[in-house]
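Q: Got a predicted model here, sequence first, then my questions.
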Amino acid sequence: MATIPEALALALQHQQAGRLSEAEALYRQILQAQPDHPDALHLLGMVAYQVGKYDIAFDLVSQAIRHNAHVPGYHSNLGEILRLLGKLPDAERHLREALTLAPSFVEARNNLGLVLSQQGKIGDAIAEYHKTLAIQPTYADAHNHLGVVFKNQGNPDAAIVHLQQAVALKPDYAEARSNLGVVLQEQGRLEEAIAQHREALVLKPGAANAYYNLGIALQCQGKLDEAVLMYRQALTLNPSSAQASNNLGVVLQGQGKSADAIAQYNRALTLKPDHAEAHSNLGRTLMEQGAIEDATACYRRALALKPDLVNAHSNLLFCLHYDTAHESTAIVTEYRAWYEQHARKFAAQIAPHANRRDAERPLRIGYVSADFKRHPVGYFLDPVLAAHDPAIVSVFCYSGVSVADEWTAHIRTHADHWREIAWKSDEDVARIIREDGIDILVDMSGHTGGNRLLVFARKPAPVQVTWIGFFTSTGLETMDYLLADGFYSPPLGGAVLTEQLASMPANHLCFRPPVYTPPVAPSTAAMRGYPTFGCFNNLSKINGDVVRVWAAILKRLPEARLILKTHALGDASVRERYGRMFQEQGIEPHRLDLLGPSSHAALLDSYGQFDIALDPFPYCGGWTTCEALWMGIPVITLQGASFSSCIGAGLLQTVGVGEWIADTPDRYIEIAAQLGGNIGGLATLREGLRARVAASSLCDADTFAHNLEQVYRVMWRKWCTDGASTVGHS
């Protein structure tokens, strides 16, 4: 038999070559001959470490230290094993012991930095990484770990420098490439990020995390099919990844596959029941399906688990506005809770504004939105921006669009200044707005997706206004005004709104139909002999009370039919659910057409399939109402007590068809029955309604922009005079 030193050397060769079973057999032979041999105990422990048996590794390396406590490598390796076991204070103690024995031991110092970082001792960790690099500037691991620390600290520039250095020093360093990709994608440098993730996968094909990160980058680019493939591969390699299931659910939801999305969210929650984001995302899918009560419960569960999850809280507020069961007092309570939890902390940080208090000078107006694209907000804003008087206002657009489309480029042509903010923090956006010297900052999201309300919480502009996007209050004490129309103010506005209503002289929306809008189709009622009702709003607005009222209309007109069309109805399970809801109200399935998503042009063509549009309540349609009117379709709306329930009334009054406004559900049913019972009248309405809309102030962008500029001027004069934020028109 070979001597113990010879056997030890041969075993080490096997271990370094990855022949772990041969190495283990030799170490055990040595320990049979000499049970207290520290090197054999240590190296056998490292074999266990290499195969993930950390408890066994801990026991063996600890025995080695008991027999020889003066070897730095023993302590360093035990420190790393303890780190992986989650015993961070013990890990720190052994790593410090290793450095006491060998102060220039770069691996131990680097690992100490990692342990300190995981304990939240970030300053101490950074110091250890810098000491490591002072000893050995080419130590790639220290650059990688420094990069991760700087990323987590919100210092992406420093993170990129160190991660790029790690990759330059060690081109086959897959983990560093993946980390670099993450930072690049958080900066919006998606092509560079994807290149790093793909290279990481070439170097380490079995890296589930690299597939996951690549999925995120592709998702950010809007390449949903590819993102799905990456997330599924990540789950194949790591089936226990709740986060990958959650993200896969988000992508599937974006593809309109709501049932598959729900399955992934539920899978994530099975793996990790306290996954707050998965609860919130499940709530969002249920909300889009119209299951408002279930969605509300999901959001509340998410917030119980993670009270600072601001998007879940915004979605909860959105849900409450959709639900007829919630009184205004409940909504006010939730608004206050949202403000206290997420926004109040910024109030003490608000600095005085340096804007020149000249009441009549040209104004710098900033519009903030993630919807400068083919979206109702983008459609409504476009004609207004085009009609702004450059002698009166200078337009700044702060775009949170992550995947731009051709409409983004079109809107950009109307802006004097364009700022990309999708990948910037709220703090950075607020700083940029202050540096731009914005006088009046306009929110165009409210509590909808991609909102930047926490920018407005920092009050970067002296006057702040919310308009479009949400059609109701933001709950922010730093939001000065809510832009409203001059026809209808909500009876409960003072109770619900934190903002002052700033009323336009007439309508507060401006409509310009898309260039691809088809001609008005012939009357379907005249051809069929019976009326067809329709609604193209999101299902989140079509609650049980709405279904009951619409079913009552169909009962009044036994031959009438109803068409619903929206993206969520692309899912068979959702169609079945709504079919059951109507059947429970006595409406047979053959009287319903439940249609899924299509292109916008095809959707406009679909207006030719029905005669009367039914506006949902209590949250009315906006853009859909304008489209229906333009396509010759009368719209029946139920005016309520909240601002969001008055939008339809304002639009109809603008066009001069106030007779279609109901103040009670019974009146809503009666108007529908009267319109539906007059087949000849429907044909006449259809022929003349587009011309009526075109001639109304709803389509007069020049006058609208002038009125808006005048409202801005009143706001500005008030601030210049005394800093007050009250304005309104009787």
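A: In hand now; what should we look at?
Q: drop to CA atoms for contacts and neighbour counts, all remaining ones
A: Will do.
Q: pLDDT-wise, which helix or strand of this structure ranks last?
A: helix 493-496 (a mean of 55; mean pLDDT, DSSP states H and E).
Q: Okay, now the sheet partners of the very next helix or strand once past it, with direction.
A: Once helix 493-496 ends, the next helix or strand along the chain (criterion: DSSP states H and E) is strand 500-503. Using DSSP bridges, strand 500-503 pairs in its sheet with strand 481-484 (parallel).
Q: Domain boundaries for this protein, per the record?
A: In the domain annotation for the chain, the residue ranges read 4-237, 265-347, 362-498, 524-699 (automatic domain parsing).
Q: could those be laid out in TSV, adding distance to Q253?
A: As requested, these are exported to TSV (distance: least, Cα to Cα, whole Å):
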stretch	distance to Q253
domain 4-237	10
domain 265-347	7
domain 362-498	14
domain 524-699	9
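Q: Export those domains to CSV and append columns for distance to S245 and mean neighbour count.
A: What follows is the domains of the chain, written out as CSV (distance: least, Cα to Cα, whole Å; neighbours: other Cα atoms under 10 Å):
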stretch, distance to S245, mean neighbour count
domain 4-237, 7, 20
domain 265-347, 5, 20
domain 362-498, 21, 20
domain 524-699, 20, 20
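Q: Compare the ones you listed and give me the one nearest N247.
A: domain 4-237 (7.6 Å; Cα to Cα).
Q: Surely F456 and T478 touch.
A: Yes. Contact between F456 and T478 holds when scored by Cα atoms under 8 Å: they sit 6.7 Å apart.
Q: tell me, what's touching these two both at once?
A: Here F456 and T478 share the contacting residues Q464, scored by Cα atoms under 8 Å, 6 or more residues apart in numbering.
Q: Which helix in this structure has the most residues?
A: Longest helix of the chain, by residue count under DSSP state H: helix 701-722.
Q: Can you dump the C-alpha atoms of that helix in CSV for me?
A: Output of helix 701-722 as CSV, limited to C-alpha atoms (Å, rounded to 0.1, in the frame of the first residue of the first chain):
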residue,chain,number,x,y,z
ALA,A,701,-58.5,69.7,-30.0
ASP,A,702,-57.6,73.4,-30.5
THR,A,703,-60.3,74.7,-28.2
PHE,A,704,-59.6,71.9,-25.7
ALA,A,705,-55.9,72.7,-25.6
HIS,A,706,-56.7,76.4,-25.1
ASN,A,707,-59.1,75.6,-22.3
LEU,A,708,-56.5,73.3,-20.6
GLU,A,709,-53.8,76.0,-20.9
GLN,A,710,-56.2,78.5,-19.2
VAL,A,711,-56.9,76.1,-16.4
TYR,A,712,-53.1,75.5,-16.0
ARG,A,713,-52.7,79.3,-15.9
VAL,A,714,-55.2,79.7,-13.1
MET,A,715,-53.4,77.1,-11.1
TRP,A,716,-50.1,78.8,-11.7
ARG,A,717,-51.3,82.2,-10.8
LYS,A,718,-52.6,80.8,-7.5
TRP,A,719,-49.2,79.3,-6.7
CYS,A,720,-47.4,82.5,-7.7
THR,A,721,-49.7,84.6,-5.5
ASP,A,722,-49.6,82.6,-2.3
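Q: all strands for the stretch 301-450 of the chain, in order.
A: 363-369, 393-399, 417-420, 440-443 (DSSP state E, counting those that start in this stretch).
Q: Of those strands, which is nearest E128?
A: E128 lies closest, by Cα to Cα, to one member of the strands of the stretch 301-450 of the chain: strand 417-420, at 36.6 Å.
Q: strand partners of the closest one, parallel vs antiparallel please.
A: Strand 417-420 is paired, per DSSP bridges, with strand 393-399 (parallel).
Q: okay, the angle between the strand it pairs with and helix 701-722?
A: Counting by axes from the mean of the first three to the mean of the last three Cα atoms, to 10 degrees, strand 393-399 lies at 100 degrees to helix 701-722.
Q: What lies in contact with strand 393-399?
A: 362-372, 385, 412, 415-422, 709.
Q: change it to 7 Å
A: 362-370, 372, 415-422 (Cα atoms under 7 Å, 6 or more residues apart in numbering).
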